[in-house]
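# please find the sequence and the predicted model below.
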Amino acid sequence: MSYSDQLTGKDLIQMYRWLVLIRAFEDRVCELWTKAGIMELPHGSQGQEAISVGACYGLRREDQVLPSLRTRGAFFLKGIPTRVQMAGMFNKTTGAAGGRASSHHMGDIQRGVLVGSGIIGASITTGVGAALAFKLQRKDHVVMNFFGDGAAQRGDFHEGLNFAGVFKLPVVFILENNGWAEMTPVSKHFAGRDFASRADGYGFPGVRVDGNDVFAVYDAVQAAVARARAGEGPTLVECVTYRMRGHCENNPVGTCRDMAEVEAWRERDPIPRMRAELLGRGVLAPELVATIDAETGAEIEDAIAFAEASPWPDVNELCKDVYAPESPELVTGRRS
Amino acid sequence: MRETTYREAIREALREEMRRDGSVFVFGEDVADYGGVFKVTDGLLAEFGPARVFDTPLSESAIVGAAVGASLMGMRPVAEVMFADFTTVAMDALVNHAAKIHYMSGGQTPASIVVRMAYGAGPRWGCHHTQCVESWLANVPGLTIVMPATPYDAKGLLKAAIRSPNPVVFLEHKLLYGRKGEVPEAEYVVPIGKADIKRSGDGVTIVATGLMVDRALGAARTLAAEGISAEVIDLRSIQPLDEDTILSSVEKTGRLVIAHEAPVRGGFGGEIAAVVANKALGFLDAPIERVGAPWTPVPFGQILVDAYVPAEADIVRAVRATQAVA
């Protein structure tokens, strides 16, 4: 019996609902960027939602997640409110870091989301460090470290994975291979056979799954999580998917690529796929589909209203939080 | 009072802080089994075991990046980057992550790490194992940068660094490892950000860091014989900068020489000079003089390194230049 076989009807509907909510959020902020001039430039994850849902569903609060720049779903699954994420897109104080950071790199230590970095690939070693702490502390929590095919070409990928392999750290590396690093396809930035097989070079398993199949992702990740919790070390899970929007909303969808390719992948959209599967199994009642659409839509609109009503960052707080407070016995004197 | 070496003082700080706080651990290249290429961490593995002192792969970016990640989960890592020149490899983790994560997290998660690095020129290491890096990092909000020149300061400042919640770059001059000095046995901490007047005087202020502190003191003795009274200030930290001590001294002496080993152009002396020129211009009786290395990578070999690293005579010459102006 696979891990996904053990999911209840309630689990399945919840996972489906997450897919719909994430997609609704992403579609709406892309629209807001164009029509309403919101501050944060969306890096849309449309098409890739099955990865964050499959990978994050069922994680403990204490398990740490490091989203890539395009893992919007991870914030949802870890419980960061829709309102907070939307406020972040609007650059309001009720969003990320009081408005001093962007929402797609935000952290929430209470919910197990670690702050990201605008440097692609840098989060890999941070996640490895958090996993190192778990090992030293003898805790069986895990780290879910997301990044893309572009990030996998950074030196930090090599250093981080090797480090994790040497110390058998409880980290699951989720490589979202969506075919594109900005405007450069994988065929032009990678000469290897596949990314999963790189894990062999670091001494741990690598698996390649259909990233648009929630169940395939869930099964691979749960197996990796079990390994990690048992002290058996890391796993690299390459999730093959496709980026349905441009790199960011400043890039039209067809930038540097053939629209025929985009349309072909639309046939493999994870959301209709899961919907059809659940309808077919009788787990999802047809009436519930429309209800979920309406509820998630309402949740997004509520978040937008919250964001619009929230205050702008205070310029007097520009230099807040550069340093954690220190007692004068330890540090004294002028910082600037 | 007993004397220890700079190396032993640093080791004592590590040992005491590791005994005091179980979340402090030491890691880096060859720090455990070998005891560190400069033998600073020698003996720590035997006392604390491999869960607290361990060797890493040759991966400075992962070492510093992992230090940040581990600190987010409540650990207090003391990472060693073997030579400060390797800052370039760890620069992203240090500058873009460690320095900024408290800000980016809205004050939730500081990077409570110490990165110890050995810097400074000697005859045999060449241009990639000898650089001074403090000015490379001085322009990054979020970092703390410490440069002790004596065993007493090294021990006290490292203890403060380890206890601080913020990321601290702790720079150890290689040629000072064997330098002896008085270090009390009793517990003490030296707060980061306070400069130390190593010698009082009223004719000229010499602000120095690292190896230049002893050279400035030597210059002061030479100058005293000529009737010039030099006040030597050991900066001890670059960030925070103790402006008050420097300004009070310049107000008294009217003349300023800044001595550091890093090249003059773009070196931290420029920042100090700008602060003094801005806040104490009326007190200056002569232009500010800066002493530092010439504009070249650090050479290899005794002859050229001796010509490269500023000597006592260079500091004496700079002081005389300030006196030439009435």
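Done, it's in.

# check what pLDDT residue B:324 gets.
At residue B:324, the predicted lDDT confidence score is 85.

# neighbours of it, how many?
8 (other C-beta atoms under 10 Å in any protein chain shown). Quick note: C-beta positions are derived from backbone N, CA and C, even for glycine.

# from chain A, how far off is the closest residue to it other than its chain neighbours?
Using C-beta to C-beta, 6 or more residues apart in numbering or on different chains and skipping the chain neighbours, the partner closest in space to residue B:324 is residue B:286 (7.7 Å). Using C-beta to the nearest C-beta, to the nearest Å, one gets 25 Å for the distance from residue B:286 to chain A.

# likewise for residue B:310?
For residue B:310, the distance to chain A - C-beta to the nearest C-beta - is 26 Å.

# do residue B:216 as well
21 Å.

# quick one, what contacts that residue?
Shown in contact with residue B:216 (C-beta atoms under 8 Å, 6 or more residues apart in numbering or on different chains): B:198, B:206, B:208, B:230, B:232, B:259, B:315.

# now it: phi and psi?
Dihedral angles of residue B:216 (phi, psi; degrees, to the nearest 10) stand at phi -70, psi -40.

# ok, now how distant is it from residue A:124?
Remark: distance between residue B:216 and residue A:124 (C-beta to C-beta, to the nearest Å) = 44 Å.

# also residue B:115?
Residue B:115 is 19 Å from residue A:124, by C-beta to C-beta.

# the two: which has the busier surroundings?
In this view residue B:115 and residue A:124 are compared by other C-beta under 10 Å, and residue A:124 has more residues nearby, 34 against 30.

# ok, that one touching residue A:153?
No: at 11.5 Å, residue A:124 does not count as touching residue A:153 under the criterion of C-beta atoms under 8 Å.

# what residues are up against whatever residue of the stretch 51-200 of chain A ends up closest to chain B?
Minimum separation of the stretch 51-200 of chain A from chain B (C-beta to the nearest C-beta) falls at residue A:129, amounting to 2.2 Å. Residues near residue A:129 by C-beta under 8 Å, 6+ apart: B:65-73, B:77.

# ok, and the most crowded of those?
residue B:69 (35 neighbours).

# would you say that residue is within a helix?
Yes: if the criterion is DSSP: H, G, I helix; E, B strand; the rest coil, then residue B:69 is within a helix.

# how close does it sit to chain A?
Taken as C-beta to the nearest C-beta, the span from residue B:69 to chain A is 2 Å.

# OK, contacts around that residue?
Counting by C-beta under 8 Å, 6+ apart, residue B:69 touches A:114, A:125-133.

# those, buried ones only, as a ChimeraX selection?
Here is the ChimeraX command that selects the buried residues among the contacts of residue B:69 (16 or more other C-beta atoms under 10 Å in any protein chain shown):
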select /A:114,125,126,127,128,129,130,131,132,133
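
# ok so, going back, what's the most distant pair in the contacts of residue A:129?
B:65 and B:73 (13.6 Å; C-beta to C-beta).

# re the thing from before, turn the contacts of residue B:216 into CSV, columns for distance to chain A, neighbour count and pLDDT.
Below are these laid out as CSV (distance: C-beta to the nearest C-beta, whole Å; neighbours: other C-beta atoms under 10 Å in any protein chain shown; pLDDT from 0 to 100):
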residue, distance to chain A, neighbour count, pLDDT
B:198, 17, 20, 98
B:206, 20, 33, 98
B:208, 17, 27, 98
B:230, 23, 26, 98
B:232, 19, 28, 98
B:259, 20, 28, 98
B:315, 25, 28, 98
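
# restricted to helices, list those residues.
Per DSSP state H, helices hold the following members of the contacts of residue B:216: residue B:315.

# closest one of the contacts of residue B:216 to residue B:252?
Among the contacts of residue B:216, residue B:230 lies closest to residue B:252 (C-beta to C-beta), at 11.9 Å.

# show me what contacts the residue nearest to residue B:99 when sequence neighbours are not counted?
Leaving aside its sequence neighbours, residue B:99 sits nearest to residue B:142 (C-beta to C-beta, 6+ apart; 3.2 Å). By C-beta under 8 Å, 6+ apart, the contact list for residue B:142 reads A:322-323, B:98-100, B:102-103, B:166-167.

# can you tell me the SS state at residue B:142?
coil.

# interface residues of the stretch 51-200 of chain A facing chain B?
A:64, A:96-98, A:100-101, A:105-109, A:114-115, A:117-119, A:122, A:124-134, A:136-137, A:155-156, A:159-160, A:162-163, A:166 (C-beta under 8 Å from any C-beta of the partner chain).

# now those: which count as buried?
When those are checked against 16+ other C-beta under 10 Å, the ones flagged as buried are A:64, A:96-98, A:100-101, A:105-108, A:114-115, A:117, A:122, A:124-134, A:136, A:156, A:159-160, A:162-163, A:166.
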